[in-house]
Structures are given as C-alpha cells and as structure tokens.
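Asker: got a sequence here, can you model it:
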Amino acid sequence: MTRTELERLVADAERQPGLRQQLSLCHSWQELLQAAQGRGYAVETGDLQQASREAHASSFLERSRLRPIPDLLPGAPAAQSWPRRSANTAR
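Answerer: Okay, the predicted model is just below:
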C-alpha cells in the first residue's frame, strides 16, 4: 500500500457523507481498517502508524522554535548564509 491509498480514503470520506458516516461509527483503528478494506481501500495498520508518526513529527516541527536545518528544506538558504554564533571562551 502506498500513502496515496490512504489519502484517497480521506479525500473520499470528505466528499461522501455515507463513507464518512460509516468511518465515524468505528470504535477502533481495527474497525476503521476493516470498514475501509470492505469498501475496497488497500489500507493497512502500517499505513495508519506511518501517517500518525508523520503527523506527530510535523506537529512538533511546527510548534518548535528550533531553526530548521537549511540543507533539509528545499529552497531554504544555504547553511553559510545563517548568522553564526561564536562560543564565548572568556572566563
């Protein structure tokens, strides 16, 4: 399964009230997976776990006050353009 299939499930649930209703009645992730699979979506436990990890990491980074690492972000300024702080070695 790819993330595309999970994204398709979410998009369809947003557009289709019947699907949204069916999924909202699920009391566990296992029930949700069974309901989705019953409707032909190839979604598995690992897909939900991966999406949860990604959402958690994204949420953390959005709340974080850490400066992003430029090399990891496309279009971000090069590392040498960030102001450097020198360590104060005076005692």
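
Asker: what pLDDT, on average, does the longest helix anywhere in the chain get?
Answerer: Taking DSSP state H as the assignment, the helix of the chain that covers the most residues is helix 45-63. Per-residue pLDDT over helix 45-63 has a mean of 81.

Asker: what packs against that helix?
Answerer: The elements that helix 45-63 packs onto, with contact taken as 3 or more C-beta pairs under 8 Å, 6 or more residues apart in numbering; DSSP states H and E, are helix 3-15, helix 29-38. The C-beta positions use only the backbone N, C-alpha and C, and glycine is treated the same way.

Asker: make JSON lines out of those and add mean neighbour count, distance to Gln21 and mean pLDDT.
Answerer: Shown next, in JSON lines, are the helices and strands packed on helix 45-63 (neighbours: other C-beta atoms under 10 Å; distance: least, C-beta to C-beta, whole Å; pLDDT from 0 to 100):
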{"stretch": "helix 3-15", "mean neighbour count": "14", "distance to Gln21": "9", "mean pLDDT": "89"}
{"stretch": "helix 29-38", "mean neighbour count": "15", "distance to Gln21": "11", "mean pLDDT": "91"}
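
Asker: of all those, which one is nearest Leu61?
Answerer: Taking C-beta to C-beta as the measure, the helices and strands packed on helix 45-63 were each checked against Leu61, and helix 3-15 came out nearest at 18.3 Å.
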